[in-house]
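J.: The sequence and its predicted three-dimensional model are supplied below.
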Amino acid sequence: MLCSAHFNVPSSLFLRPLNTSQLTTTPNFITTLRRANPTITCNSQPSPKPRKRPAMDGQKPTSRNRRKSSYGASRRSILKKTFTQEQVNFTAPVSDDPVVGIIGGGMAGLLCALNLETRGVRSTVFDTGIHGLGGRMGTRIIDPQPLIFDHAAQFFTVSDPRFAELVQGWSEEGLVRQWLGTVGELEAGGHFVPLPSSPPRYVAVNGMRLLADSILSQTRMIDVVRPCWISKLEPYNGMWYLSENGKPRGQFDAIVIAHNGKCANRLLALSGLPLIARQMKRLELSSIWALLAAFDDPLPVPGSDGFPLEGAFVKGVDSVSWMANNTKKLLGSSIDGRNCWTFFSTAAFGKRNKVPQENIPSAAAEKVKAGMLEGVEVALGLSEGSLPRPFYTRLQLWGAALPTNTPGIPCIFDPQGRAGICGDWLLGSSLESAALSGMALANHIADYFQNSGLNAEEFAVGLHKEFQPLEGHDIGQFPGLESEKKGSKAMEYQLTT
Ligand SMILES: Cc1cc2nc3c(=O)[nH]c(=O)nc-3n(C[C@H](O)[C@H](O)[C@H](O)COP(=O)(O)OP(=O)(O)OC[C@H]3O[C@@H](n4cnc5c(N)ncnc54)[C@H](O)[C@@H]3O)c2cc1C
């Protein structure tokens, strides 16, 4: 199902239908060109016709024209394709009213769209989210109780003035507020040390997903298409053509990859963007299990000055790295005594117990759940078997949870291919780094457009930047927070774009 949110402007202005006369020669035409030329040049002139007409999207495949789907391909073959594909080169002048296709509606993609609009550039955001936008800003609400859990990002801190300005605006709109509950470090055995109240900790008032869904609500030049899984990018005739399993999803003057992991690697493997694809392939990601558990009664947790802990980074327990009472955090009090807790595993536990996240075997799920609940018991210093039984649980594996390395640069942009990447991992592993990355890429693309795409090479950013290890908590970085692990060089960046 396509659910498209339009913001007061006719959608026809944004998601333009493909020109069918172009479409009939588009999809595999480029493959033929690639074989002939080391560099694919896309300009506004009609390109020569291929000698043999290969299979088109929607055309019944025959044994002669059938191509193996890259989505069924092994990691090894994806790698091979990544490194052997030729570079696409757009040479036509940029249109006067360009449109950017943004693939990914997490914090980075949303902020990229928002800042493109600020610079007068239209965009369409595509996101796979069924319930809403946000990606790793996930909130699960179960009616009718209701039970509410942020099941990825829990809270955030602010260190950059540009992000601070944004957060200030969200705060004035009532979208975010400070989390004043007791948060600290919990050592195995129930030893709790609260963190100082500074820097302020922010939470989304109604859960992270609702913040994500609100970010573009006042915009005029952005179209949102979800749920939509962009499965193919094809450069043709000076434009990028996007499609979802053969269904055309529009044509764009430039594209932004605002997601990462396996999905991005597959999408880029045959895109004509080898430099971008290579940088994406360098990214390493952790895996984290999330256990959502609702209890009838408050858990026996330690606290500070009579205030029981609401959130804690857990130390010295293999299966748990974070726990938070999301009912207290989001609603301020428990509902009928009911408390919704989000528990995250450590990255080491996630790696050791990794399974396909779309299809978790029930034996693995039981083992992980038992291990994590036992970890909670140990962390709280409770005797064996004394942790109250949750009346609701849900387990989720974040298979591509957090970056463990980074190029430490706000964004990557390939001016020849008119394609960029934004995301948390370019700068760190936090909502702030995702936001800054999206903002930086938007400004960079707007500058590039303003220059009419001339002197393209001057706009190349981050295509050869080396990666370095990224430190932080297992659930990411919280700039300014006392307990942050030291030594993260990656955060010592300068936003140059
Ligand atoms: C368990 C966990 C806990 C965390 N806790 C915190 C925290 O407390 N504080 C904090 O600051 N950060 C935290 N983080 C990190 C934070 O969530 C991320 O840094 C941030 O949300 C990343 O945003 P993003 O836009 O870069 O990527 P994402 O949020 O991953 O967004 C990418 C989006 O692209 C979509 N997408 C992917 N492929 C396609 C496609 N082909 N077509 C269309 N759409 C596509 C995805 O569905 C997703 O919606 C946590 C992360 C995890 C996993």
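T.: That came in fine, so what should we check first? Numbers count the residues shown, from 1 in each chain.
J.: C-alpha from now on. contacts and neighbour counts both.
T.: Fine.
J.: Now do the domain split for the protein, please.
T.: What automatic domain parsing lists as the domains of the chain is 3-132+216-284+405-491, 140-210+286-398.
J.: Adding mean neighbour count, mean pLDDT and distance to the ligand, write those out as a markdown table.
T.: Formatted as a markdown table, those follow (neighbours: other CA atoms under 10 Å; pLDDT from 0 to 100; distance: least, CA to the nearest ligand atom, whole Å):
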| stretch | mean neighbour count | mean pLDDT | distance to the ligand |
| --- | --- | --- | --- |
| domain 3-132+216-284+405-491 | 20 | 77 | 3 |
| domain 140-210+286-398 | 18 | 95 | 3 |
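J.: hang on, isn't residue 147 packed against residue 296?
T.: No. Residue 147 is not in contact with residue 296 according to CA atoms under 8 Å; the separation is 11.3 Å.
J.: Three-state assignment for residue 308, please.
T.: Under DSSP: H, G, I helix; E, B strand; the rest coil, residue 308 falls in the strand class.
J.: gap between it and residue 161?
T.: Residue 308 is 32 Å from residue 161, where distance means CA to CA, to the nearest Å.
J.: Likewise for residue 470?
T.: Noted for residue 470: a distance of 22 Å to residue 161, by CA to CA.
J.: again with residue 257
T.: 25 Å.
J.: Then residue 442?
T.: Separation of residue 442 from residue 161 (CA to CA): 17 Å.
J.: Spit out the contact partners of the closest residue to residue 303 other than its chain neighbours.
T.: Closest residue to residue 303 apart from its sequence neighbours, by CA to CA, 6 or more residues apart in numbering: residue 309 at 4.7 Å. Residue 309 is in contact with 181-184, 301-303, counting by CA atoms under 8 Å, 6 or more residues apart in numbering.
J.: So which of these are in strands?
T.: Members of the contacts of residue 309 lying in strands (criterion: DSSP state E): 182-184, 303.
J.: Check those against residue 220 and report the nearest one.
T.: For those, the closest approach to residue 220 (CA to CA) belongs to residue 183, at 38.9 Å.
J.: In this structure the closest one contacts residue 194, no?
T.: Yes. Taking CA under 8 Å as the definition, residue 183 is a contact partner of residue 194 at 5.6 Å.
J.: returning to what we had before: can I get the ones in strands among the contacts of residue 309 in CSV with distance to residue 125?
T.: Formatted as CSV, the ones in strands among the contacts of residue 309 follow (distance: CA to CA, whole Å):
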residue, distance to residue 125
182, 37
183, 35
184, 37
303, 43
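J.: packing partners for the helix or strand harbouring residue 292?
T.: Secondary structure from DSSP states H and E places residue 292 in strand 288-295. Identification of packing neighbours for strand 288-295 by 3 or more CA pairs under 8 Å, 6 or more residues apart in numbering; DSSP states H and E yields strand 339-344, helix 347-352, strand 392-398.
J.: Switch the ones you listed over to a markdown table; also include distance to residue 176.
T.: Shown next, in a markdown table, are the helices and strands packed on strand 288-295 (distance: least, CA to CA, whole Å):
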| stretch | distance to residue 176 |
| --- | --- |
| strand 339-344 | 19 |
| helix 347-352 | 28 |
| strand 392-398 | 24 |
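J.: quick one, which of these is nearest to residue 112?
T.: Among the helices and strands packed on strand 288-295, strand 392-398 comes nearest to residue 112, with 23.7 Å by CA to CA.
J.: which other residues reach the helix or strand following that closest one?
T.: Heading C-terminal from strand 392-398, the first helix or strand you meet, by DSSP H and E, is strand 405-406. Residues outside strand 405-406 that contact it (CA under 8 Å, 6+ apart) are 283-285, 425-428, 467-470, 490.
J.: so of the residues you listed, which ones are in helices?
T.: Among those, none falls in helices (DSSP state H).
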